[in-house]
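Student: Let's see this in three dimensions:
(chains A, B, C and D)
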Number of protein chains: 2
Amino acid sequence: MFSDRDKSYPIELVAEFLGVNSRTLYYYERFSLVVPVRRGRKRYYSKEDISWLEYVREMMYDQGMNLRSIIVLIKRRDDVILTKCPEDVVNSFKNYLMRMED
Amino acid sequence: MFSDRDKSYPIELVAEFLGVNSRTLYYYERFSLVVPVRRGRKRYYSKEDISWLEYVREMMYDQGMNLRSIIVLIKRRDDVILTKCPEDVVNSFKNYLMRMED
DNA sequence: ATAAGTTTTTCACTTTAAGTGAAAATATGT
DNA sequence: ACATATTTTCACTTAAAGTGAAAAACTTAT
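Tutor: Numbering: from 1, shown residues only, chains lettered A, B, ... in the order given. Here you go, the predicted model:
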């Protein structure tokens, strides 16, 4: 019947829901970070798109990641990243995170 | 006997080898992205540190990732990231990558 | 056909992280 | 104490992310 992949939400509604400028969604589209469907010239997004974008925003704003990194993650989706990271970096990094909790 | 984890290379040598300013290594250290050992007040790095830093530089310069993202990756090392990414984003993103190969 | 209204696109500007130069501070060896 | 080397601090530069405003393109009603 209905699916989270149904593209039925117009850009303004999605932008408002996410609390971003609709220009930001156009901007993301340039990198294929989200792919709305076009009916006529209008863009429509799915629920899945919306939750993906929420996740992207969280990665960017809560974590401070940049767009490029998310793009790299998509590209390397199935790869193992960071195998080269030394243990003492991981340990010391945990301390860094502790310090930052202030 | 000797190990890639032996911290024996001074900062200037490492910086020169990597082609970066030694200030950059101090900068990375603030985020625990690399953890030299201190003998007296001098810093010493291991071969493992150096290849880790090479990898970090590659992620940043070849891929355009930022420091924060690498930090997030360390933090989430064992997590599955990007499970929320919709398939059509992955597909469309592949086209985007193709377009960029010019 | 054209006027009115929407959506999209473009241009230029703002903000922030990453990086660096230079000077000041700190430590080491003689 | 002095000379030298390393570290730390401050202020500046550069580039990506995001946005405001205007122009362009398209749609629809009269």
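Student: can we go C-alpha only for contacts and neighbour counts from here?
Tutor: Noted.
Student: do you know how far A:R39 is from A:Y61?
Tutor: Remark: distance between A:R39 and A:Y61 (C-alpha to C-alpha, to the nearest Å) = 31 Å.
Student: got the buried residues for the helix or strand hosting A:I74?
Tutor: Using DSSP states H and E, A:I74 falls within helix A:67-75. For helix A:67-75, a neighbour-count test (16 or more other C-alpha atoms under 10 Å in any protein chain shown) marks A:L67, A:R68, A:S69, A:I70, A:I71, A:L73, A:I74 as buried.
Student: Turn the residues you listed into CSV, columns for distance to chain B and pLDDT.
Tutor: What follows is those, written out as CSV (distance: C-alpha to the nearest C-alpha, whole Å; pLDDT from 0 to 100):
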residue, distance to chain B, pLDDT
A:L67, 8, 88
A:R68, 5, 87
A:S69, 5, 88
A:I70, 8, 84
A:I71, 8, 81
A:L73, 7, 80
A:I74, 7, 76
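Student: Helices of chain A, start to end?
Tutor: Secondary structure of chain A, counting by DSSP state H: helices at A:11-18, A:22-30, A:47-57, A:67-75, A:87-100.
Student: what mean pLDDT does the last one have?
Tutor: Read that as helix A:87-100. For helix A:87-100, the per-residue pLDDT values average out at 58.
Student: Nearest residue to A:V72 in space, ignoring adjacent ones along the chain?
Tutor: Closest residue in space to A:V72, ignoring its immediate chain neighbours: B:Q63 at 6.9 Å, by C-alpha to C-alpha, 6 or more residues apart in numbering or on different chains.
Student: so A:S8 touches A:E48, yeah?
Tutor: No. Between A:S8 and A:E48 there is no contact under C-alpha atoms under 8 Å: 10.9 Å.
Student: Comparing the two, which shows the higher neighbour count?
Tutor: A:E48 (18 against 15; other C-alpha atoms under 10 Å in any protein chain shown).
Student: Quick check: the gap between that one and chain B.
Tutor: 7 Å (C-alpha to the nearest C-alpha, to the nearest Å).
Student: again, but for A:M1
Tutor: As judged by C-alpha to the nearest C-alpha, A:M1 and chain B stand 19 Å apart.
Student: picking that back up, which elements pack onto the helix holding A:I74?
Tutor: helix B:87-100 (3 or more C-alpha pairs under 8 Å, 6 or more residues apart in numbering or on different chains; DSSP states H and E).
Student: if I pick the residue of chain A found nearest DNA strand C, what's in contact with it?
Tutor: Nearest residue of chain A to DNA strand C (C-alpha to the nearest atom of the strand) works out as A:K42 at 3.5 Å. By C-alpha atoms under 8 Å, 6 or more residues apart in numbering or on different chains, the contact set of A:K42 is A:P10.
Student: Tell me the bridge partners for it.
Tutor: Beta-bridge pairing for A:K42 (DSSP bridges): A:R39.
Student: Below-threshold pLDDT in chain A: ranges please.
Tutor: For chain A, applying pLDDT under 70 flags the ranges A:77-102.
Student: residues from it in reach of DNA strand C?
Tutor: Contacts of chain A with DNA strand C, taken as C-alpha under 7 Å from any atom of the strand, map to A:I11, A:E12, A:R23, A:Y26, A:R41, A:K42, A:R43, A:G64.
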